[in-house]
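Visitor: got a structure for you, letters missing:
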């Protein structure tokens, strides 16, 4: 609502300036710091003054006097030395906000948008850092979809990479397991936990002898990439089993996907071969004949590639650190190793070309057989190397924009992928390849201790403790959720002993998920997060439970109002105009204005690529409602018209707060 009205104001100003002064100028607006100064302000007269060589206030006075009436805006006044302040028609805004609150979701418009997120290496259990990736990606997909985007969510499965190879090495050469034994282990519900430990031991085993590591990794990777023998079969068994366990973990957080894009198909369907030929023909890559990279195909460093991180990670999942055999490459990036295996970045260039419809090839598709409960009728598809199943969506249709949600430590590699597209002449695709980067999630020392980790005296003094998948140190996502739900369930049982056990568990789950998702979303993406149970679960302050409780409180008011028949009365326009005037009216108006400003938070989140704006909006609206609740006796208000208005305002806040929380993937339970 707010966004539409400010857009109308900007368009009216732009048209008036063009007609009166013959000047084309970009008009921007901002929200004034005080409601007494209106709802939107434009500094356009300052820029116009430079062009016209006149005083900005004088120009502002001319515009305010001559500007035609703008629908929804009561008046435009001059402020300060040349601002134009717009004052909304409060009654009209209220009426429109009521209509929009009852309206349907925005229909799809614009081109296809791919949001690729999660992309956890299928070699161990997901940890809290992976959860931040998934929550950010899922939330951005929800926001884009709410705004009318035709969004497709993909999860890249690196099932032929170094990390899977390391686990295979662990089972084969350390545990001495056969393929049949690994297949039996993979059927266990905590197989991802077992692989967590195997991976940590294998990493240590390989780090002890670099020559052994190079030999074993090279042989294992080559067998996996070529789909050859028991080694490749074991890698497939491990990866597929862990993907299904990852899907269960993310489903607990309300996170779902449209397509699992498996790296194996990029190789077996010769996606990489096609991309390789394009890159060679364009001379985007060269064959190294000397130095450390002799025998490799490399992408030579360019000035705009590698200005940031020099991380040479071997997969999209940066949680395991950099590839041990590649992190000395400096700025020239290896695309094909000397043994013929392809690095992650090479395969990702092929994948990115496919996303934009620039490869001239497509996958086969099959339904993923092991889907978690709760997904409903929405089918989960995966890429396939063999003849596909019918009924798959048109995944191969070109995307207009691609968001790759990947750890900020992979910035260099993402630059290389974009540079690969540019080298092939695909500048538009490179420009529309968005690296949706984020910083790490660590633990407060208190949280690490609560999770059972022993910390040194030095670590106890640090503000946070970093996790490491290679070292086996970190918080597994399922352990974290289990502890959050257990803590929340105790609180729910204490508050609502009369609630049946199933409802208690459902309520605890909703609060725990809300606490975790909000905690991960309230920080901007460039902030390192130190997770702490007590901070996340607090019912006070900027937390998920605080926002959820505001909705619970509103629903309680609405139920009591319905029982008393107070929600049936219509509110007259005269009552609305009267209640929105005066000092008390300004406070009521500010709450109504905030409730009608979700669209502004959504636009800010998309333009700034920052879901934290929607989290901030949710908290501010919950906070404003709680202030309103403490100042007004809603149900006991003697004036029937005022009581009906206060109830309508309460319902508007509920609708918008529930929508905002839904964009964050947070459900508000009926009771807390």
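Guide: Structure's in. What do you need? Computed from a predicted model, the values in this text were never measured in an experiment.
Visitor: what's the neighbour count on residue 35?
Guide: When neighbours are counted by other C-beta atoms under 10 Å, residue 35 registers 14. For glycine as for every other residue, the C-beta is placed from the backbone atoms N, C-alpha and C.
Visitor: Distance of it relative to residue 115?
Guide: 37 Å (C-beta to C-beta, to the nearest Å).
Visitor: what does residue 165 give?
Guide: As defined by C-beta to C-beta, residue 165 lies at a distance of 28 Å from residue 115.
Visitor: Can you list the low-confidence ranges for the stretch 351-500 of the chain?
Guide: The stretch 351-500 of the chain contains residues with pLDDT under 70 at 376-377, 467-473.
Visitor: Have a look at this structure and report the helix or strand with the lowest mean pLDDT.
Guide: Taking mean pLDDT, DSSP states H and E as the measure, the helix or strand of the chain with the lowest value is helix 533-537, at a mean of 78.
Visitor: What helices and strands are in contact with it?
Guide: Applying 3 or more C-beta pairs under 8 Å, 6 or more residues apart in numbering; DSSP states H and E, we find helix 533-537 packed against helix 445-450, helix 477-495, helix 501-521.
Visitor: May I see the buried residues of the first one?
Guide: Using 16 or more other C-beta atoms under 10 Å as the burial criterion, the residues of helix 445-450 that qualify are 445, 446, 447, 448, 450.
Visitor: What is the burial count for the closest residue to the third one other than its chain neighbours?
Guide: By the measure of C-beta to C-beta, 6 or more residues apart in numbering, the closest residue to residue 447 outside its immediate chain neighbours is residue 532, 4.9 Å from it. Using other C-beta under 10 Å, residue 532 is surrounded by 18 other residues.
Visitor: Kindly spell out which helices and strands sit in contact with the helix or strand hosting residue 586.
Guide: Residue 586 belongs to helix 582-595 when assigned by DSSP states H and E. The contact analysis (3+ C-beta pairs under 8 Å, 6+ apart) places helix 582-595 against helix 90-101, helix 573-579, helix 612-631, helix 640-663.
Visitor: same thing but 6 Å
Guide: The helices and strands touching helix 582-595, judged by 3 or more C-beta pairs under 6 Å, 6 or more residues apart in numbering; DSSP states H and E, are helix 612-631, helix 640-663.
Visitor: Highest mean neighbour count out of those helices?
Guide: helix 640-663 (a mean of 21; mean count of other C-beta atoms under 10 Å).
Visitor: Using the three-state scheme, assign the spatially most central residue of the chain.
Guide: Closest to where the C-alpha atoms of the chain average out (C-alpha atoms, centre = their mean) is residue 136, at 2.1 Å. Under DSSP: H, G, I helix; E, B strand; the rest coil, residue 136 falls in the helix class.
Visitor: about what we covered before: in JSON lines: the helices and strands packed on helix 582-595, plus distance to residue 557 and mean pLDDT.
Guide: Listed next are those as JSON lines, based on distance: least, C-beta to C-beta, whole Å; pLDDT from 0 to 100:
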{"stretch": "helix 612-631", "distance to residue 557": "8", "mean pLDDT": "97"}
{"stretch": "helix 640-663", "distance to residue 557": "6", "mean pLDDT": "95"}
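Visitor: got a markdown table for these, with distance to residue 527 too?
Guide: As requested, the helices and strands packed on helix 582-595 are exported to a markdown table (distance: least, C-beta to C-beta, whole Å):
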| stretch | distance to residue 527 |
| --- | --- |
| helix 612-631 | 9 |
| helix 640-663 | 20 |
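Visitor: Among those helices, which comes closest to residue 410?
Guide: Among the helices and strands packed on helix 582-595, helix 612-631 comes nearest to residue 410, with 20.7 Å by C-beta to C-beta.
Visitor: Could you measure from residue 264 over to residue 257?
Guide: Going from residue 264 to residue 257 by C-beta to C-beta gives 17 Å.
Visitor: Ok, residue 115 next?
Guide: Distance of residue 115 to residue 257, computed by C-beta to C-beta: 10 Å.
Visitor: how about the nearest residue to residue 480 once chain neighbours are set aside, what does it touch?
Guide: Nearest non-adjacent residue to residue 480, counting by C-beta to C-beta, 6+ apart: residue 128, 5.8 Å away. Residue 128 makes contact with 441, 475, 480, according to C-beta atoms under 6 Å, 6 or more residues apart in numbering.
Visitor: run the last query once more with 7 Å
Guide: Residues counted as contacts of residue 128 (C-beta atoms under 7 Å, 6 or more residues apart in numbering) are 441, 467, 474, 475, 477, 480, 531.
Visitor: between the helices and strands packed on helix 582-595, which one is nearest to residue 345?
Guide: Go through the helices and strands packed on helix 582-595 one by one with C-beta to C-beta and the one that ends up closest to residue 345 is helix 612-631, at 29.1 Å.
Visitor: which strands and helices sit next to the closest one?
Guide: Where contact means 3 or more C-beta pairs under 7 Å, 6 or more residues apart in numbering; DSSP states H and E, helix 612-631 is packed against helix 501-521, helix 544-563, helix 582-595, helix 598-607, helix 640-663.
Visitor: Out of these, which gets the lowest mean score?
Guide: Note on the helices and strands packed on helix 612-631: helix 544-563 shows the lowest mean pLDDT, a mean of 92.
Visitor: what distance separates that helix from the centre of its chain?
Guide: Chain-centre distance of helix 544-563: 27 Å, with C-alpha atoms, centre = their mean, to the nearest Å.
Visitor: list the buried ones in it?
Guide: Buried residues in helix 544-563 (16+ other C-beta under 10 Å): 544-551, 553-555, 557-558, 561.
Visitor: same deal with stretch 170-190?
Guide: So, applying 16+ other C-beta under 10 Å, buried residues of stretch 170-190: 170, 171, 172, 175, 177, 182, 185, 186.
Visitor: Name the SS class of the closest residue to the fourth one other than its chain neighbours, please.
Guide: Put plainly, it is residue 175. Sequence neighbours aside, residue 198 is the residue nearest to residue 175 in space, at 6.7 Å (criterion: C-beta to C-beta, 6+ apart). What three-state DSSP gives for residue 198 is helix.
Visitor: What count of nearby residues applies to residue 198?
Guide: Around residue 198 there are 24 residues (other C-beta under 10 Å).
Visitor: same thing with residue 28?
Guide: Residue 28 is flanked by 13 other residues according to other C-beta under 10 Å.
Visitor: Quick check: closest non-adjacent residue to it.
Guide: Distances taken as C-beta to C-beta, 6+ apart place residue 42 nearest to residue 28, at 6.6 Å, with adjacent residues excluded.
Visitor: That neighbour reaches residue 84, doesn't it?
Guide: Yes - the pair residue 42 and residue 84 passes the contact test of C-beta atoms under 7 Å, sitting 4.8 Å apart.
Visitor: Residue 145 contacts residue 152, correct?
Guide: No - in this structure residue 145 lies outside contact range of residue 152 using C-beta under 7 Å: 10.0 Å.
Visitor: Settle it for me: which of these two has more neighbours?
Guide: residue 152 (22 against 19).
Visitor: where in the stretch 151-300 of the chain is pLDDT low?
Guide: Regions of the stretch 151-300 of the chain meeting the criterion pLDDT under 70 are absent.
Visitor: repeat that for 90
Guide: The stretch 151-300 of the chain contains residues with pLDDT under 90 at 291-292, 300.
Visitor: mind listing the helices for it?
Guide: In the stretch 151-300 of the chain, the helices defined using DSSP state H, counting those that start in this stretch lie at 162-169, 179-186, 191-207, 210-226, 229-251, 263-268, 271-281.
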